[in-house]
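Asker: fold the following for me, if possible:
(2 chains)
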Amino acid sequence: MNKLQNFTKGFIKENPLFVTVLGMCPSLAVTTSLEKALGMGMGVFFVLVLSNFIVSLVMSNPKIAELVRPVRIPVYIVIIATLVTIVEMLMHAFLYDLYKSLGVFIPLIVVNCIILGRAEAFASENKPLDSVLDGMGMALGFTGAIVLISLFREILGAGTITIWGNLVLNLNFIFNFLHIKPIDLFVQPAGAFLSFGLILATLTAIGNSFKPKSIVKGATANE
Amino acid sequence: MNNLIALAFAAFITENIILTQFLGICPFLGVSTKRKNALGMGFAVLFVMLISSSVTYLLYTFVLKTLSIEYMKTIVFILVIASLVQMVETFIKKVSPALYKALGIYLPLITTNCAVLGVALLNITKENNFVETVVYTTFIGLGFIFVMYIFSMLREKIDKAPVPKAFQGIPIALIVASILAVIFSRFGGII
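Answerer: All right, here's what the predicted structure looks like:
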């Protein structure tokens, strides 16, 4: 597999959220506005790229790798937890509003299955550079996915797009034009499940339509 | 006392950990295909959550606070939870093989369950005292079991229903969960 593929496979083919369905908790909780989704994406990007880098550095030395292998999961968790603490402190210092609105979900990046999953499945068996590229691709794929969900929810639920801080696009004129109000449900918890379910189903349908007919039929016959 | 009852009710229904706080979604979708599994996972989570929240609370107030290294809480908590899960597993295996058989396979999964770490952190951010921590955690855990059980019954029904191809599996489960979440959020009017 070449370098470019390592980078781009996280976007669509192995998208962590829509294809492997990992890391559900943050993707449901922080998608009420675009700003929160971008903030979460940033945090995950930082942690995932660095954790992939450090894990692959540790595991690429055969002597250390042999020592670490039996206790590798606790080791990964400590590496990840340290990086998450750094993110938490940086956000507290420089992006306080975002820190407040993301709340408990910043420390919870530790238990985000995507990060531990990439450390175990990819970084522990590949070179540092490949692992960094893989981490970047996966993090961008994750960010893209939560941005998509948050746009869907915020536009339908509040009629706005909060890009960053006070930079808000107001789309309420569309609702006014149609003589309806934004649908509150979409920014409430129930709307998170609904939006994710609808988007996932749409993507599955699109994915199925691209597959050659024979494969789809074969899959049905096996079920 | 009234305070505690209000706290317990909120933890059980209106602040339900799965449907309003989005913690523990992975087991919620992964292990809820059968009633028996949902109950097993639920009780394993309640058990670990209760022990780990009490331990992390004590550690936070008496160790981290006195040394004023509160910023270490994420690292300390996740290590405490991971080792507790390991200890609980060994302990149950030795003391009650029957219980181990029922809960055993779910225990390792709990380490990466965000509900456990989430509740431990929520108790700190809410500044609950020890009694409140125990009550809050117990009812959060019971709320988790309750929702898992309802949802597993719904999923057993969905399995038999003709679902459009694109919606099969997780999408339809999420849509059912959203209907359940609407019901739970409306209970908020009671208090």
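
Asker: got any ranges where chain A has weak pLDDT?
Answerer: A:1, A:212-223 (pLDDT under 70).

Asker: go on, chain B?
Answerer: Residue ranges of chain B with pLDDT under 70: B:104, B:112, B:189-191.

Asker: which parts of it are helices?
Answerer: Applying DSSP state H to chain B gives helices spanning B:2-9, B:25-30, B:35-59, B:73-95, B:97-103, B:107-110, B:114-125, B:130-160, B:170-186.

Asker: same question for chain A.
Answerer: Secondary structure of chain A (DSSP H): helices at A:3-8, A:24-29, A:34-60, A:62-68, A:72-94, A:96-102, A:113-121, A:128-158, A:172-177, A:189-210, A:213-222.

Asker: hey, C-alpha coordinates of the second one in PDB?
Answerer: Right, helix A:24-29. Extracted C-alpha coordinates of helix A:24-29, given in PDB (Å, rounded to 0.1, in the frame of the first residue of the first chain):
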ATOM      1  CA  MET A  24     -20.200   7.000  18.200                       C
ATOM      2  CA  CYS A  25     -20.500   8.800  21.600                       C
ATOM      3  CA  PRO A  26     -18.800  12.100  20.600                       C
ATOM      4  CA  SER A  27     -20.300  12.100  17.200                       C
ATOM      5  CA  LEU A  28     -23.800  12.200  18.700                       C
ATOM      6  CA  ALA A  29     -23.100  14.500  21.500                       C
END
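
Asker: buried deepest among the helices of chain B, which one?
Answerer: By mean neighbour count, with neighbours taken as mean count of other CB atoms under 10 Å in any protein chain shown, helix B:114-125 ranks first of these at a mean of 25. For the C-beta atoms, the positions are set from N, CA and C on the backbone; glycine is no exception.

Asker: got the angle for that helix vs helix B:73-95?
Answerer: Here the directions of helix B:114-125 and helix B:73-95 differ by 130 degrees (axes from the mean of the first three to the mean of the last three CA atoms, to 10 degrees).

Asker: so helix B:114-125, near chain A or not?
Answerer: Yes: using CB under 8 Å from any CB of the partner chain, a contact is recorded between helix B:114-125 and chain A, made by B:C114, B:L117, B:G118, B:L121, B:L122, B:T125.

Asker: what is that helix packed up against?
Answerer: When contacts are defined as 3 or more CB pairs under 8 Å, 6 or more residues apart in numbering or on different chains; DSSP states H and E, helix B:114-125 packs onto helix B:25-30, helix B:35-59, helix B:73-95, helix B:130-160.

Asker: got the contact list for the third one?
Answerer: Read it as helix B:73-95. Outside helix B:73-95, the residues that touch it by CB atoms under 8 Å, 6 or more residues apart in numbering or on different chains are A:73-74, A:77-78, A:81-82, A:84-85, A:88, A:107, A:110-111, B:47-48, B:51-52, B:55-56, B:59-60, B:64, B:99-100, B:103-104, B:107-108, B:110-111, B:116-117, B:120-121, B:124.

Asker: okay, angle between it and helix A:72-94 too, please.
Answerer: Put simply, helix B:73-95 runs at 150 degrees to helix A:72-94, going by the same axes, to 10 degrees.

Asker: distance between stretch B:31-41 and the chain's centre?
Answerer: How far stretch B:31-41 lies from its chain's middle: 13 Å, per CA atoms, centre = their mean, to the nearest Å.

Asker: ok, residue 32 - contacts?
Answerer: You didn't pick a chain, so chain A it is. Contacts for A:T32 were tallied using CB under 8 Å, 6+ apart; they are A:S150, A:R153, A:E154, A:G157, A:V187, A:A192.

Asker: you answered for a different chain; I wanted chain B.
Answerer: B:A38, B:M148, B:F151, B:S152, B:R155, B:A173.

Asker: go again using 6 Å as the cut-off
Answerer: Applying CB atoms under 6 Å, 6 or more residues apart in numbering or on different chains to B:S32 gives the contacts B:A38, B:M148, B:F151, B:S152, B:R155.

Asker: near chain A, list only the ones from those residues.
Answerer: When CB under 6 Å from any CB of the partner chain is applied, no member of these is adjacent to chain A.

Asker: returning to what we had before: among the contacts of A:T32, who's most crowded?
Answerer: The most neighbours of any of these, using other CB atoms under 10 Å in any protein chain shown, belong to A:A192, which has 30 neighbours.

Asker: let me know the outermost residue of chain A.
Answerer: Largest separation from the mean C-alpha position in chain A: A:H179, at 35.3 Å (CA atoms, centre = their mean).

Asker: ok, that residue to A:G157 distance?
Answerer: Computed as CB to CB, to the nearest Å, the A:H179 to A:G157 distance reads 18 Å.

Asker: tell me if I'm right that A:L57 and A:P128 touch.
Answerer: Yes: under the criterion of CB atoms under 6 Å, A:L57 makes contact with A:P128 at 5.4 Å.

Asker: these two: which is more packed in?
Answerer: Remark: of A:L57 and A:P128, A:P128 carries more neighbours, 17 against 14, as counted by other CB under 10 Å.

Asker: contacts only, for the more buried one.
Answerer: Contacts of A:P128 by CB under 6 Å, 6+ apart are A:F53, A:S56, A:L57.

Asker: so what's the second one closest to, chain neighbours aside?
Answerer: Distances taken as CB to CB, 6 or more residues apart in numbering or on different chains put A:S131 closest to A:S56, at 3.8 Å, once the chain neighbours are dropped.

Asker: got the contact list for the one you found?
Answerer: A:S131 sits next to A:N52, A:S56, A:A123 when contact means CB under 6 Å, 6+ apart.

Asker: let's have these in JSON lines, adding distance to B:L7.
Answerer: Formatted as JSON lines, the contacts of A:S131 follow (distance: CB to CB, whole Å):
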{"residue": "A:N52", "distance to B:L7": "41"}
{"residue": "A:S56", "distance to B:L7": "45"}
{"residue": "A:A123", "distance to B:L7": "42"}
